[in-house]
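> coordinates only, sequence not included:
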């Protein structure tokens, strides 16, 4: 297993806190591996193995534990010698109906530490007592990608490695798969996420319209969309659907962490616009898993920039000024950064003109797909995407 210290350290810092710790993220992003690494850390700290209980509700041993009563029965059968000082590690617990009450009872009746991992936002339940601490787990960053491949950031082949990262994304299982099997691995992860976390969970019988929505989102990454536009387009293509159905599917794709919805933000008036939003796929490789060779580098790059900002802890919106898109507005505590992905020189000129209309002193940055010697234009930083991802 590849150690991911950014996430593991967060888990360790929250150890023994009263809050329920919750790892969230798309299926295949590495949550289960982190849970196992955390268990190893606890053992290395001197916690007896009998005091650590790890349960994966997708495993063969736990598949039959699908409701509150069966979960209580399974826990009672553990015959733990002590009631206090237990570290409970529950993986994909959202598959158990009524799991929240069991967790509440564990916390109320014993001195224990609870950590949960889930591939659906259902794990962020308001039925849990005592508060929660969320740790969002993303697919591998480019930095992590290099570390797994045991490559230096100053390697002469760094640009080729970035092309691989853009093409196949950062799902750990895909990176560790042989080249000829990467597309198959990607398709399996995407299909698993859609089937388990969307179709089965929501009892969708006809998946044609869902597949249509997914394909439409992937071919329109970086474009402003709404449910009405998607519905009309699909119906014109012979895929029968409706606006309420599309809205439901969009919500399900968000709650399964496959796509992020990014709102329009009026920079001048400091308010959100209720019109169209953008949707970004959580991993550029998943774009390829559905579209194959049709996946385009521009949309993949924009998704990569968006996800990197999220990894760095920013809240991200799409800025608008004078009825014109400016780029990403990334905020973190008291910091605001304007970031625009540019693919060629004409886009760079257009982005610079847009930035110049913003009347504040916040940092402005262009992330470029091509390397250039100029690092700054007026007050606007210009960074080659590979260099920026390695900061």
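Yes, it's here. Here the structure is a predicted model, which is why all the values come from computation and not from measurement.

> pretty sure residue 351 is touching residue 340, no?
Yes. The pair residue 351 / residue 340 is scored as a contact, 4.2 Å apart, by CB atoms under 8 Å. For every residue, glycine as well, the C-beta is placed using N, CA and C.

> anything in contact with each of these two?
326-327, 366 (CB atoms under 8 Å, 6 or more residues apart in numbering).

> ok, so of the residues you listed, who is nearest residue 188?
Within the shared contacts of residue 351 and residue 340, the smallest distance to residue 188 is 34.4 Å, found for residue 327 (CB to CB).

> For that closest one, grab the count of nearby residues.
Residue 327 has 24 neighbours, counted by other CB atoms under 10 Å.

> Next: residue 249.
If we define neighbours as other CB under 10 Å, then residue 249 has 24 of them.

> Surely it forms part of a helix?
Yes. Counting by DSSP: H, G, I helix; E, B strand; the rest coil, residue 249 falls inside a helix.

> Quick check: it touching residue 213?
Yes. Residue 249 lies in contact with residue 213 (CB under 8 Å); the separation is 4.7 Å.

> any residues in contact with both of those two?
What both residue 249 and residue 213 touch, as defined by CB under 8 Å, 6+ apart, is an empty set.

> Point out where the chain drops to low pLDDT.
Within the chain, the ranges that satisfy pLDDT under 70 run 79, 81-83, 201, 288-298, 373-374.

> Which of the shared contacts of residue 351 and residue 340 sits closest to residue 386?
Closest approach to residue 386 among those (CB to CB): residue 366, at 14.2 Å.

> Between the shared contacts of residue 351 and residue 340, which sits nearest residue 86?
residue 327 (48.3 Å).

> secondary structure class for the closest one?
Under three-state DSSP, residue 327 comes out as strand.

> what is it paired to in the beta sheet?
Listed by DSSP bridges, the beta-bridge partners for residue 327 are residue 319.

> Kindly report the same for the one 5 residues further on.
Here residue 332 shows beta-bridge partners residue 335, assigned using DSSP bridges.

> Verify the contact between it and residue 311 for me.
No. The pair residue 332 / residue 311 is not scored as a contact, 11.6 Å apart, by CB under 8 Å.

> okay, the two: which has more neighbours?
Counted by other CB under 10 Å, residue 332 and residue 311 do not tie: residue 311 has more neighbours, with 20 against 13.

> If we go by neighbour counts, what in the longest strand along the chain is buried?
When the chain is scanned for its longest strand (criterion: DSSP state E), the result is strand 271-281. By 16 or more other CB atoms under 10 Å, the buried positions in strand 271-281 come out as 277-281.

> Would you check which pair of those residues lies furthest apart?
277 and 281 (14.1 Å).

> how many other residues sit next to residue 314?
By other CB under 10 Å, neighbour count at residue 314 equals 20.

> quick one: the strands in the stretch 201-350 of the chain?
All strands of the stretch 201-350 of the chain, identified by DSSP state E, counting those that start in this stretch, fall at 259-266, 271-281, 315-321, 324-332, 335-342.

> Take those and write them to JSON lines, including distance to residue 176.
As requested, the strands of the stretch 201-350 of the chain are exported to JSON lines (distance: least, CB to CB, whole Å):
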{"stretch": "strand 259-266", "distance to residue 176": "25"}
{"stretch": "strand 271-281", "distance to residue 176": "21"}
{"stretch": "strand 315-321", "distance to residue 176": "29"}
{"stretch": "strand 324-332", "distance to residue 176": "31"}
{"stretch": "strand 335-342", "distance to residue 176": "28"}
